[in-house]
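S.K.: Sequence isn't available, so here's the structure alone:
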C-alpha cells in the first residue's frame, strides 16, 4: 500500500514531464512499431498546439501509410488524391490566405505520382508547408520500390536490388525544389534520435513563422525508417538509415532565408 | 439592378457570368476550343475587382484538384476544359463526387477519341452522364444550347451543386463555345462571406473537426455511404429534370436532341412540317437527370423517334431505355467535328423512321 500511495503522490501536475499533446486524438495509430510517422505526427501536433494554430490549420493528407493522418490530429483536414496534395493546398491557401496550410506526403506520393504538382507548387512559391517523409519505399502497398529507393536496395519490385540502368536513379526531390526561386526554406531532417526530433521541430516551427510572413513555399524532408518494408527491427532500421540513407540524403538545410 | 445586354462568345459568357455570380476561384489549363474562358478571366483582372482567384494550373489534373481543395473550403469554385482535358480530370471528378463537394466543371466538347479534332462534337455524353471516373457516382449535367444558356447555367450550376453537394458539369460544345450571340447578363453578385458547416475553414473550439475524404475501409460503412449517394441521385432524378419542347403538341414524329444538335433540329422540325411531316422536338436541358418520363409519355403519342447527336450514338441509349420498346427509335449524327445540317436530319427522319 505504501508503494501505491507513493505513486499517487508522484501523479501531480508539477511532476508532469511528458503528456499527449492536446492536438493528438485518442485514435489508435495505424503504423508499425518503430515507424517514424508517429514521431513526425507528434512534432507537428506539438507545433500546432504551441503556436495556437488549431483553429487556423488546414492539413492535406496523402495516399500512402499516412492516409489516415486526418484521424490523428484534431484539426480540419482534406484527403487528397495520390500525389495531388500540393495542388489541393494551393487552392486552400489562395482562397483562405490567413490559414496555416500544409501537406504531409510520402515519397511515392510526392516524388513519383505527384512530381508535377510538387514542382509547380514550389515553383509558384505557394505559401504553404510541404512535409515530405522519405523512407525510400512504398510502405502501405507492402514494400515496393519508390523513386527514392537507393541504388541496389531490395524491394518487392526490385527483388534483386534497384538496378539504376533499368529502374532509374534515386530522386533527390528536395535538392530539386531547393533550386526553385519559389521555395524559401528547404531542409532535410530526421526523427530517429531525441536530438534530431528537436531539430525537426525547430524546422517546422520556422516554416510556420515563414508562412505567417507570406515568404513562399517551405519544404521539410524527414528521412525516416520503414522497419516492415526494410524487413528489419526498429533499431536495425535506424542504424541502416544512418549508414545508407544519410550518405545519399545528407541531413541539414538546403536553402535558408538570405539575411 | 438591370440586366446588361452584350454580344459575346459562349466561352466569354461563361467567364463573365462566373465573375458576376460571385465565383471565388477558377482553376484551368488552356485547351482549344475553350481557352477564351481563362483568357477572359485573366484579362478581367478579378483579383482587383471581385477578388476571384484565377489560376493557370500546370495541368488539368492539378486544376481539378485545386477545385477539390477550394470546394472543400466551401468556396464557389470551377474549372473548364475540352474533351481530352476533361478525360485527365476524371480522377479528380470521382474524388469530388466521393467527397460530396459542390463545383462547376465546364466541358466545351471537341471530337475524339484521342487528340481527335478541335471542331465541335457531342461524343462525351457517356463520359459525362454515366460516370467518367471510377466508382458509382453521377454528375448533374446541364446542356446549354445557346450563349445565353452558357451564362445562365453558371448560376444554376452552382445552385444545384450546393443544394445537393454534388459536382455539376456544363456539357457544351465547340460550336456554342465559339459562336457569338447576344446575351443578357445578370447584375454582379457579392461573393459569399460565409461557409457551409461541413467546410474545412480551420476548426474553431465550437465544433468538431471537419474532414473531407472519400475513403472508408469499412465495407459496411462504405455501402451505407454508397446507398446515401444513390438516394441523392434518385432525389435529383425526381426533382431536377429540365427539358424544352418544340411543336410536340400534335407531333407524329419526335426528334430528341440537346445542345447544338437541338438548335439544328428546331429548323428540321420547321422543314419537315413544310413537307407535311408533323415533327416535334424534345430538347433535354439536363442530361443527368434525363427526361425519361417525359420521353416515355411522348412515345405513347408518336410513331417513331429519331435521336440526333454529333456522335456515333450515345444519348440514343437513354432514349431507348425511356421509350422501352413502345415505338421505333433510331440514331442519326455526324462525327469528326461536323455539325449536322437541318436537311440531313429530315432526310434521316424519312429514311430511318417514316420509311423504315
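M.R.: That came through, no problem. Please read these numbers as outputs of a predicted model, since none were measured by experiment.
S.K.: How about the closest residue to chain B within the stretch 101-250 of chain A: what's its closest non-neighbour residue?
M.R.: At 3.9 Å from chain B, residue A:120 is the closest residue in the stretch 101-250 of chain A, using Cβ to the nearest Cβ. Where C-beta positions appear, they are placed from N, C-alpha and C, glycine not excepted. Among residues not flanking residue A:120 along the chain, residue B:58 sits closest, at 3.9 Å (Cβ to Cβ, 6 or more residues apart in numbering or on different chains).
S.K.: and what of residue B:86?
M.R.: Closest residue in space to residue B:86, ignoring its immediate chain neighbours: residue B:107 at 4.8 Å, by Cβ to Cβ, 6+ apart.
S.K.: So chain B: which segments form each domain?
M.R.: B:4-191+B:228-238, B:243-354 (automatic domain parsing).
S.K.: Quick check: which of those is buried the most?
M.R.: By mean neighbour count, with neighbours taken as mean count of other Cβ atoms under 10 Å in any protein chain shown, domain B:4-191+B:228-238 ranks first of those at a mean of 22.
S.K.: Check the offset of that domain from the chain's centre.
M.R.: Taking the mean of its C-alpha atoms, domain B:4-191+B:228-238 sits 8 Å from the chain's own mean (Cα atoms, centre = their mean, to the nearest Å).
S.K.: Surely residue B:313 touches residue B:333?
M.R.: Yes. With contact defined as Cβ atoms under 8 Å, residue B:313 counts as touching residue B:333 (6.7 Å).
S.K.: that older thread, give me the number of residues near the residue of the stretch 101-250 of chain A closest to chain B?
M.R.: 19 (other Cβ atoms under 10 Å in any protein chain shown).
S.K.: Sketch out the low-pLDDT regions of the chain for me.
M.R.: With no chain named, the answer covers chain A. In the prediction, chain A carries residues with pLDDT under 70 at positions A:1-6.
S.K.: ah, no, chain B please
M.R.: Under the criterion pLDDT under 70, the flagged ranges of chain B are B:356.
S.K.: That one against chain A: which residues are in contact?
M.R.: By the rule Cβ under 8 Å from any Cβ of the partner chain, the part of chain B lying against chain A is B:24-25, B:27, B:53, B:55, B:57-59, B:61-63, B:65-70, B:72-73, B:75, B:77, B:91-92, B:95, B:99, B:200-205, B:209-215.
S.K.: Where strands are concerned, which of the residues you listed count?
M.R.: In this view, those that belong to strands under DSSP state E are B:25, B:27, B:53, B:55, B:77, B:211-212.
S.K.: Taking these, tell me the two that lie furthest apart.
M.R.: Using Cβ to Cβ, those reach their maximum pairwise distance at B:55 and B:211, which is 24.9 Å.
S.K.: Could you grab the helix/strand/coil label for residue B:88?
M.R.: On the three-state scheme (DSSP: H, G, I helix; E, B strand; the rest coil), residue B:88 is labelled helix.
S.K.: Name the nearest residue to it, ignoring sequence neighbours.
M.R.: Closest residue in space to residue B:88, ignoring its immediate chain neighbours: residue B:60 at 4.0 Å, by Cβ to Cβ, 6+ apart.
S.K.: With residue B:170 instead?
M.R.: In space, residue B:170 comes closest to residue B:106 once its chain neighbours are excluded; the distance is 4.6 Å by Cβ to Cβ, 6+ apart.
S.K.: Any figure for the gap between that neighbour and residue B:34?
M.R.: Here residue B:106 is placed at a distance of 7 Å from residue B:34 (Cβ to Cβ, to the nearest Å).
S.K.: intersection of neighbour lists for those two?
M.R.: Overlap between the neighbourhoods of residue B:106 and residue B:34 consists of B:80-81, taking contacts as Cβ atoms under 8 Å, 6 or more residues apart in numbering or on different chains.
S.K.: Could you pull up the residues touching residue 57?
M.R.: Chain wasn't specified; assuming chain A. Taking Cβ under 8 Å, 6+ apart as the criterion, residue A:57 is in contact with A:48, A:75-76, A:99-102, B:202-203.
S.K.: think we crossed wires, I meant chain B
M.R.: With contacts defined as Cβ under 8 Å, 6+ apart, the neighbours of residue B:57 are A:87, A:120, B:27-29, B:63, B:66.
S.K.: what ranges do the helices span in chain A?
M.R.: Remark: helices assigned in chain A by DSSP state H are A:2-10, A:37-50, A:85-95, A:107-108, A:115-124, A:164-167, A:173-178, A:194-212, A:227-230, A:234-240, A:246-248.
S.K.: Please work out which of those helices is packed deepest.
M.R.: Ranked by mean neighbour count under mean count of other Cβ under 10 Å, the helices of chain A are led by helix A:85-95, which reaches a mean of 29.
S.K.: okay, the angle between it and helix A:194-212?
M.R.: 40 degrees (axes from the mean of the first three to the mean of the last three Cα atoms, to 10 degrees).
S.K.: Helix A:85-95 near chain B anywhere?
M.R.: Yes. Contact of helix A:85-95 with chain B (Cβ under 8 Å from any Cβ) involves A:87-92, A:94-95.
S.K.: pretty sure residue A:61 is touching residue A:78, no?
M.R.: Yes. When contacts are counted by Cβ under 8 Å, residue A:61 is listed as touching residue A:78 (7.4 Å).
S.K.: what's the overlap in contacts for those two?
M.R.: Common contacts of residue A:61 and residue A:78, defined by Cβ under 8 Å, 6+ apart, comprise residue A:70.
S.K.: And what about the residue nearest to residue B:86, helix, strand or coil?
M.R.: On the three-state scheme (three-state DSSP), residue B:107 is labelled strand.
S.K.: got the phi/psi numbers for residue B:205?
M.R.: The phi/psi pair for residue B:205 (degrees, to the nearest 10) reads phi -60, psi -20.
S.K.: all strands for the stretch 251-356 of chain B, in order.
M.R.: Read by DSSP state E, counting those that start in this stretch, the stretch 251-356 of chain B holds these strands, from start to end of the chain: B:253-256, B:279-284, B:286-288, B:304-308, B:329-332.
S.K.: All set now, cheers.
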